[in-house]
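*Asks:* this is the structure alone, sequence omitted:
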Ligand code: AMP
């Protein structure tokens, strides 16, 4: 990494670690969706393979630590990381030892059994309440399993946990290749965007995206707002939104965003038409409004065709794009058109030279659905972490690594 910023201070890369013949503790983000005992979407596992292979090629043994779901400090079988082993073995092309616990005898035995080039995956960190409390004793116990530490779980770095903030204080530590890539692209859109820079925000709630929206006003040329959050903004402008999602307690905040945008000369584009239905149901008859207003007995569930055209045109002419949140209820086919059209416009813009960074689980789900993920410049593996990073916060996991720099 060449330049330091407030939220991205210089942090050591893997080259700074002596790993040959050593045991490297690697924090990975394997918080993957499971269907019983099968991994439904291996993207997060695949995203760590470059880092793992690079360390193995340099002669390291690997001890992987990760979390899955929210077991809240208890051993909960449905949150076991065991189903990840088969998928990881497939991706890595080598055997992976699984330890039934991340600390204690089970962990120690698995680590001690590793031959050169061996890989162990330890059971869910969050089976221990100490992980989320960043308990010093727990962090020390984890740290005792390795000679050095690589942080590659970008999606967990906005939390001050033992495996993000605790371990780096105890071992020689560095960012993995995935974390480096995340920081590079997110810093790029924040600090040095090519213009026009267009942010596309959607999803259910204004409250989740208020902070990032305010921060984006400092750097973007335009924000296109769709999805459920658009209705609070329309309501703030005195437009009737019927039964659509509305966060009454955020209307003043939405007014604040509109005012600040006007002061800064940032354009805020809201939907000019909508796909509406009487009920939140996949088979509810769909109508298209011709106006911004929504009838009292209807709810807006996707952006309409005129908005699609307007948004797609702005996206296609952008040179930098940041996208977080679907334009409608994309899980139902009838209301997926807006999100798909936005993704297609982004793919076209990227092909024409724009930098497109996508964050957030639901935007990534749209890309998965359309197969357009590879057409984006960067798909962030950390929804919450990428939003907090773009809010300008110094993430605890980043701060912990930055302190390690000599
Ligand atoms: P978020 O996690 O805030 O990005 O929200 C994602 C969710 O927003 C998805 O599950 C979408 O179905 C939902 N969503 C998008 N547009 C709407 C809408 N118009 N009404 C209700 N929910 C929506």
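*Replies:* Alright, I've got the coordinates. The structure presented is a predicted model; accordingly, all values stated were derived computationally and were not measured.
*Asks:* CA atoms for contacts and neighbours, from now on please.
*Replies:* Noted.
*Asks:* spell out which residues of this structure are next to the ligand.
*Replies:* Neighbours of the ligand within the chain, by CA under 6 Å from any ligand atom: 203-205, 227-228, 245, 300-302, 325-331, 362.
*Asks:* list the beta-bridge partners for residue 294.
*Replies:* Beta-bridge pairing for residue 294 (DSSP bridges): residue 241.
*Asks:* list the contacts of it.
*Replies:* 240, 241, 242, 274, 276, 300 (CA atoms under 8 Å, 6 or more residues apart in numbering).
*Asks:* quick one: neighbours of the third one, just the number.
*Replies:* For residue 242, the neighbour count with other CA atoms under 10 Å is 19.
*Asks:* quick one, phi psi at the closest residue to it other than its chain neighbours?
*Replies:* Nearest-residue entry for residue 242: residue 296, 3.9 Å, with adjacent residues in sequence omitted and distances by CA to CA, 6 or more residues apart in numbering. With angles defined as degrees, to the nearest 10, residue 296 sits at phi -60, psi -30.
*Asks:* just to check, residue 296 is in contact with residue 243?
*Replies:* Yes: in this structure, residue 296 is within contact of residue 243 by CA atoms under 8 Å, at 6.3 Å.
*Asks:* the more surrounded of those two?
*Replies:* Using other CA under 10 Å as the criterion, residue 296 and residue 243 rank with residue 243 on top: 19 against 12.
*Asks:* show the model's pLDDT score for the more buried one.
*Replies:* Looking at residue 243, its pLDDT reads 98.
*Asks:* next one: residue 9
*Replies:* In this model, residue 9 is scored at 71, pLDDT.
*Asks:* now residue 87
*Replies:* We have a pLDDT of 96 for residue 87.
*Asks:* hmm, residue 41 and it touching each other?
*Replies:* No: with contact defined as CA under 8 Å, residue 87 does not reach residue 41; the gap is 9.9 Å.
*Asks:* more neighbours: which of these two?
*Replies:* residue 87 (18 against 14).
*Asks:* now the more buried one: which helix or strand?
*Replies:* helix 84-92 (DSSP states H and E).
*Asks:* quick one: average pLDDT of the helix or strand that that helix is followed by?
*Replies:* Heading C-terminal from helix 84-92, the first helix or strand you meet, by DSSP H and E, is strand 97-99. Across strand 97-99, the average pLDDT comes to 98.
*Asks:* one more: stretch 341-350?
*Replies:* Averaging pLDDT residue by residue across stretch 341-350 gives 98.
*Asks:* what sits up against it?
*Replies:* Residues from elsewhere that reach stretch 341-350, judged by CA under 8 Å, 6+ apart: 308, 311-313, 315-319, 321, 327, 356, 366-367, 372, 375-377.
*Asks:* ditto for stretch 372-384
*Replies:* Contacts for stretch 372-384 (CA under 8 Å, 6+ apart): 44, 154-156, 158, 182, 185, 343-344, 346-347, 350-351, 355-361, 364, 367, 386.
*Asks:* may I see the ChimeraX selection of the buried members of those?
*Replies:* For the buried members of the contacts of stretch 372-384, the matching ChimeraX selection, counting by 16 or more other CA atoms under 10 Å, is:
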select :44,154,155,156,158,182,185,343,344,346,347,350,355,356,357,358,359,360,361,364,367,386
